[in-house]
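> The sequence and its predicted three-dimensional model are supplied below.
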Amino acid sequence: MTTVAAVTYEHIKTCQQSGARLGRVHTPHGSFDTPAFMPVGTQATVKTMSPEELKEMNAGIILSNTYHLFLRPGHELIRRAGGLHKFMNWDRAILTDSGGFQVFSLSENRKISEEGVEFRSHLNGDKLFLSPEKAMEIQNALGSDIMMAFDECPPYPASYDYVKQSTERTSRWAERCLAAHARGRDQALFAIVQGGMHEDLRKQSAADLTSMDFPGYAIGGLSVGEPKHMMYEVLEYTTPLLPTNKPRYLMGVGSPDALIEGAIRGIDMFDCVLPTRIARNGTCMTSQGRLVIRNLKHADDFGPLDPECSCYTCRNYSRAYIRHLIKAEETFGIRLTTYHNLHFLLELMKQVRQAIMDDRLLDFRDEFFARYGLFDN
Ligand SMILES: CNc1nc2c(CCNC[C@]34C[C@H]5C[C@H](C[C@H](C5)C3)C4)c3nc(N)[nH]c(=O)c3cc2[nH]1
Ligand SMILES: [Zn+2]
């Protein structure tokens, strides 16, 4: 695993049929192929998975989070532990989100100002404050390979004027993040393009941020309840505004269909809680679509979750057994569904990369949808 001092993007080829790109992202903790799905580890763990299991399924990068780790156990403790990699025994790449999104989705009575966001902890009600500078301090303490700029993800729907004010503030915050980011560390700071569903605001945000020359760019403000076709339209006019020699990360996406459609529109990196979250109530992604293991019809089905899957769960356990564990609320049950769902998405991205290599990603999409049925969220 070659490691490099900073984060760089290596373009390998462009799919002649779809325009999607095959690449590799190199980081101080190893490289990963793109388009890539990044398993999410909210509280310094990908729930119920060990680092060894994540490596077994070839996860090259995982996500963690400023907001949750700031609240508990506190970033200073993790700094004293030697950083997040050491703390959670993960020696591959880590990306941390900046916390802004979670303040809006988790905490009560938050107050946003030019300075930053004041909010109450969703754990104990303590009054807390996040700002571009604070978000940089926390992520520097965590030692993640890729840090995200502190931004505001506007709610959907929102007025044009609200999105305009918010997007312009996010650009000013990005400048403050750059200034505050401890220089000389081998951590890469990615900017986050906002602008809601408005082409002129997306253009303005992309122009502001690309003029500051970040090593990578995320597209934020999507997957916030807007119709899928709207998200794809925004991607179609936003991705081309970003440099081709740097990674593009679509935040909070997504379901299998959205991963394929995003790759077709030039996205390299994705994160989504879906596979781990739905696994905890026994819902599994399979090559034939969504499978709810609690359904009675699986009670005496001694076949695997997915006959086409080669994962540890599908090689060793039956639907009947997994259904029993989930009904009995045995934690081994959600370990098995989580392992399978993560493996499914990581495998799907491997097939997407192969389809790009073979210049046939649009054909792959049609074949996938024909068998899968559109995943309904
Ligand atoms: C779902 N749709 C969506 N997500 C979004 C996120 C969070 C990405 N996931 C990181 C996250 C978020 C939570 C849950 C897990 C762990 C940790 C806390 C980090 C993934 C976003 N994050 C930022 N900074 N900005 C956005 O515009 C944004 C838009 C999103 N739209
Ligand atoms: Zn499986």
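Yep, that arrived. Residues are numbered from 1 along each chain as shown. Ligands and ions are numbered 1, 2, ... in the order given.

> which residues of the stretch 51-200 of the chain fall in helices?
Here the stretch 51-200 of the chain has its helices, by DSSP state H, counting those that start in this stretch, at 51-56, 66-71, 75-80, 84-87, 100-106, 132-142, 160-180, 199-210.

> Lowest average pLDDT across those helices?
Lowest mean pLDDT within these: helix 100-106, at a mean of 84.

> for that one, packing partners?
helix 66-71, strand 117-120 (3 or more C-beta pairs under 8 Å, 6 or more residues apart in numbering; DSSP states H and E). For the C-beta atoms, the positions are set from N, CA and C on the backbone; glycine is no exception.

> coming back round to it: as TSV, the helices of the stretch 51-200 of the chain with mean neighbour count would be great.
Formatted as TSV, the helices of the stretch 51-200 of the chain follow (neighbours: other C-beta atoms under 10 Å):
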stretch	mean neighbour count
helix 51-56	15
helix 66-71	24
helix 75-80	16
helix 84-87	19
helix 100-106	20
helix 132-142	24
helix 160-180	18
helix 199-210	19
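
> Would you mind giving the ones you listed as a markdown table with distance to residue 251 added?
Converted to a markdown table, the helices of the stretch 51-200 of the chain look like this (distance: least, C-beta to C-beta, whole Å):
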| stretch | distance to residue 251 |
| --- | --- |
| helix 51-56 | 20 |
| helix 66-71 | 14 |
| helix 75-80 | 21 |
| helix 84-87 | 19 |
| helix 100-106 | 8 |
| helix 132-142 | 15 |
| helix 160-180 | 13 |
| helix 199-210 | 14 |
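
> Specify the stretch among those helices that is closest to ligand 2.
Among the helices of the stretch 51-200 of the chain, helix 51-56 comes nearest to ligand 2, with 12.1 Å by C-beta to the ion.

> Stretch 304-316: end-to-end distance?
8 Å (C-alpha to C-alpha, to the nearest Å).

> quick one: buried residues of that stretch?
Buried positions in stretch 304-316, judged by neighbour count with 16 or more other C-beta atoms under 10 Å: 304-306, 309, 311-314.

> would you turn the helices and strands packed on helix 100-106 into TSV with distance to ligand 1?
What follows is these, written out as TSV (distance: least, C-beta to the nearest ligand atom, whole Å):
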stretch	distance to ligand 1
helix 66-71	6
strand 117-120	12
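
> where does the chain have low pLDDT?
1-3, 182-185, 374-377 (pLDDT under 70).

> what's the nearest residue to the residue in it sticking out farthest from the centre if we skip its chain neighbours?
The outermost residue of the chain, judged against the average C-alpha position, is residue 300 (36.0 Å), by C-alpha atoms, centre = their mean. Residue nearest to residue 300 in three dimensions, not counting chain neighbours: residue 320, with 5.6 Å by C-beta to C-beta, 6 or more residues apart in numbering.
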